[in-house]
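**Student:** everything below, folded, please.
(2 chains)
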Protein chains: 2
Amino acid sequence: MTTSAPVLYESKASPNARRVRIFIAEKGLEIPLRAVDLGNKEQFSPAYKAINPRSQVPALVLADGTTIAEVPAIWRYLEEEFPRHPLLGTTAKTRALVAMWERRAELDGFAAVMEGVRNAVEGLKGRALSGPHAYEQIPELVGRSRQRVANFFADFDARLASVPFVAGDAFSAADITTLVTVDFAAGALKMPIPAGHAALQRWYDEVSARPATKA
Amino acid sequence: MTTSAPVLYESKASPNARRVRIFIAEKGLEIPLRAVDLGNKEQFSPAYKAINPRSQVPALVLADGTTIAEVPAIWRYLEEEFPRHPLLGTTAKTRALVAMWERRAELDGFAAVMEGVRNAVEGLKGRALSGPHAYEQIPELVGRSRQRVANFFADFDARLASVPFVAGDAFSAADITTLVTVDFAAGALKMPIPAGHAALQRWYDEVSARPATKA
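**Tutor:** Below you'll find the predicted structure:
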């Protein structure tokens, strides 16, 4: 594969791909997108497996053919190559705080929603974990997922009562993961932000009004 | 809290703390360690919760009192502040590749072992997920954990048949997480590297001989 600039393999159906599209739009970058048709299982085709053997989107393919997969790794590449409009912090301390809060949003929020979806949806039988291996669904995880998402909402509501953005004073990648998680929970689990979580709602209304979130 | 340099709260019983201790030793840093007594549940004490409300180790407390928790966030801080002996890559591309492979080692390997432990151990009843919230154990996850660890061994054996280190040509944080995972699986799940995984074993023998791994 030869291209003159990185290309992003992604899907409008993938909330992980949305995390990267919003990041790209916030930085004002023009990265060519290549749609992978998850509905038709294109991610398992030999052509796509040659790009990412794990059959996951998103994946960023560099000009030299190297594939960078995993959302935080793609972000790291883009931030290093295109430092303007930083989204991963600007000092040792803020970079660490963004990494910490983004990870909490992902592990406590995003991954919890994903667990609920993958263990419930009929079409994901035998695919309860993303990646190259088959795992059976475990129905008990669906209920635990909802508990985890409720705790995530409460924890982030408390956090956002004292700071304007998830990682502190500046908009960052931690806000991107949190926003995508809130929308994913509302859509896939029918769990919108609970009434009474005023700080989380205030933050959501502000952040979701940013043009990049439409990416 | 005022100190003149960062201090690491950690425990010899915590494999996550070991990931940070090895990182510090590989970089040749002198960071004061403060033991948190997990056996006596000191992580749930008001004093420790004031440091890390999530009751987890490790946590790095900076001179200004800021707490950095989560292993990759602590690493990011230390690498930015002390760039000598880089462990997170040296170019945009190698930084992204380290981030990608370290994350796979953690999500496919380390987290899989942890899932097996937390859902099985009597003393962790009601604590099946780390953090501030209570979750019941799900016995089905114990078997799935072993499946995941076996797949992780096979995948990383295949990877290490073609490259000397997990992320490519240089020792990195991805090797640290992989090493800690292998030792954690052998100890806690009684799952050593399977016979026949020659590339993974070759890598393990080399990497575990590094003095920093004793940290």
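
**Student:** give me the three-state assignment for A:Arg54.
**Tutor:** Secondary structure assignment for A:Arg54 (DSSP: H, G, I helix; E, B strand; the rest coil): coil.

**Student:** now it: how far from A:Ala167?
**Tutor:** 28 Å (Cβ to Cβ, to the nearest Å). (Glycine included, C-beta is placed from N, CA and C.)

**Student:** who has more neighbours, those two?
**Tutor:** A:Ala167 (27 against 18; other Cβ atoms under 10 Å in any protein chain shown).

**Student:** how many neighbouring residues does A:Phe110 have?
**Tutor:** Neighbours of A:Phe110 (other Cβ under 10 Å): 25.

**Student:** next, the contact list for A:Ser208, please.
**Tutor:** By Cβ atoms under 8 Å, 6 or more residues apart in numbering or on different chains, the contact list for A:Ser208 reads A:179, A:183.

**Student:** domain ranges for chain A?
**Tutor:** As given by automatic domain parsing, the domain ranges for chain A are A:7-81, A:92-214.

**Student:** any chance of these in JSON lines, with mean pLDDT and distance to B:Pro211 too?
**Tutor:** Listed next are the domains of chain A as JSON lines, based on pLDDT from 0 to 100; distance: least, Cβ to Cβ, whole Å:
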{"stretch": "domain A:7-81", "mean pLDDT": "97", "distance to B:Pro211": "29"}
{"stretch": "domain A:92-214", "mean pLDDT": "97", "distance to B:Pro211": "26"}
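
**Student:** can you put these in TSV and add distance to B:Arg127?
**Tutor:** Converted to TSV, the domains of chain A look like this (distance: least, Cβ to Cβ, whole Å):
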stretch	distance to B:Arg127
domain A:7-81	27
domain A:92-214	13
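
**Student:** out of these, nearest to B:Arg19?
**Tutor:** domain A:92-214 (13.7 Å; Cβ to Cβ).

**Student:** end-to-end on the closest one?
**Tutor:** 30 Å (Cα to Cα, to the nearest Å).

**Student:** now it: how far from the chain's centre is it?
**Tutor:** Its chain's C-alpha centre and that of domain A:92-214 lie 9 Å apart, by Cα atoms, centre = their mean, to the nearest Å.

**Student:** give me the element A:Ala63 is part of.
**Tutor:** Per DSSP states H and E: A:Ala63 is located in neither a helix nor a strand.

**Student:** which residues of chain A lie near chain B?
**Tutor:** Residues of chain A lying near chain B by Cβ under 8 Å from any Cβ of the partner chain: A:62, A:66, A:68-70, A:72-74, A:76-77, A:80-81, A:91-93, A:95-97, A:99-100, A:103-104, A:108, A:129, A:131-133, A:135-136, A:138, A:140-141, A:144, A:147-148, A:151, A:155.

**Student:** pull out the buried members of the residues you listed.
**Tutor:** Buried members of these, scored by 16 or more other Cβ atoms under 10 Å in any protein chain shown, are A:62, A:68-70, A:72-74, A:76-77, A:80, A:92-93, A:95-97, A:99-100, A:103-104, A:108, A:129, A:131, A:133, A:135, A:138, A:141, A:144, A:147-148, A:151, A:155.

**Student:** quick check: A:Glu70 touching B:Arg103?
**Tutor:** Yes: here A:Glu70 reaches B:Arg103: they are 4.9 Å apart, a contact under Cβ atoms under 8 Å.

**Student:** what angle do the longest helix along chain A and helix B:140-160 make?
**Tutor:** With secondary structure taken from DSSP state H, chain A has its longest helix at helix A:140-160. Helix A:140-160 and helix B:140-160 are oriented at 80 degrees to each other (axes from the mean of the first three to the mean of the last three Cα atoms, to 10 degrees).

**Student:** and the angle from the helix or strand following helix A:140-160 to helix A:140-160?
**Tutor:** Next along the chain after helix A:140-160, taking DSSP H and E as the criterion, comes helix A:173-188. If you take the same axes, to 10 degrees, helix A:173-188 sits at 140 degrees to helix A:140-160.

**Student:** which elements pack onto helix A:173-188?
**Tutor:** Applying 3 or more Cβ pairs under 8 Å, 6 or more residues apart in numbering or on different chains; DSSP states H and E, we find helix A:173-188 packed against helix A:15-27, helix A:92-104, helix A:111-118, helix A:140-160, helix A:198-207.

**Student:** let's see 7 Å
**Tutor:** helix A:15-27, helix A:92-104, helix A:111-118, helix A:198-207 (3 or more Cβ pairs under 7 Å, 6 or more residues apart in numbering or on different chains; DSSP states H and E).

**Student:** please identify the deepest-packed of the ones you listed.
**Tutor:** helix A:92-104 (a mean of 24; mean count of other Cβ atoms under 10 Å in any protein chain shown).

**Student:** compute the inter-axis angle for it and helix A:173-188.
**Tutor:** 10 degrees.

**Student:** give me the contacts around helix A:92-104.
**Tutor:** A:88-89, A:166-168, A:172-174, A:177, B:62, B:66, B:68-70, B:72-73, B:76-77, B:80-81 (Cβ atoms under 7 Å, 6 or more residues apart in numbering or on different chains).

**Student:** one more time with 6 Å
**Tutor:** The contact list for helix A:92-104 (Cβ atoms under 6 Å, 6 or more residues apart in numbering or on different chains) reads A:88-89, A:166-168, A:172-174, A:177, B:68-70, B:72-73, B:76-77, B:80-81.

**Student:** find the helix or strand that the residue lying closest to A:Pro53 once chain neighbours are set aside is a member of.
**Tutor:** In space, and not counting its chain neighbours, A:Pro53 is closest to A:Pro132: 6.6 Å by Cβ to Cβ, 6 or more residues apart in numbering or on different chains. Per DSSP H and E, A:Pro132 falls between elements, in no helix or strand.

**Student:** wait, doesn't A:Pro132 sit right on A:Arg54?
**Tutor:** Yes: using Cβ atoms under 6 Å, A:Pro132 is in contact with A:Arg54, at 5.3 Å.
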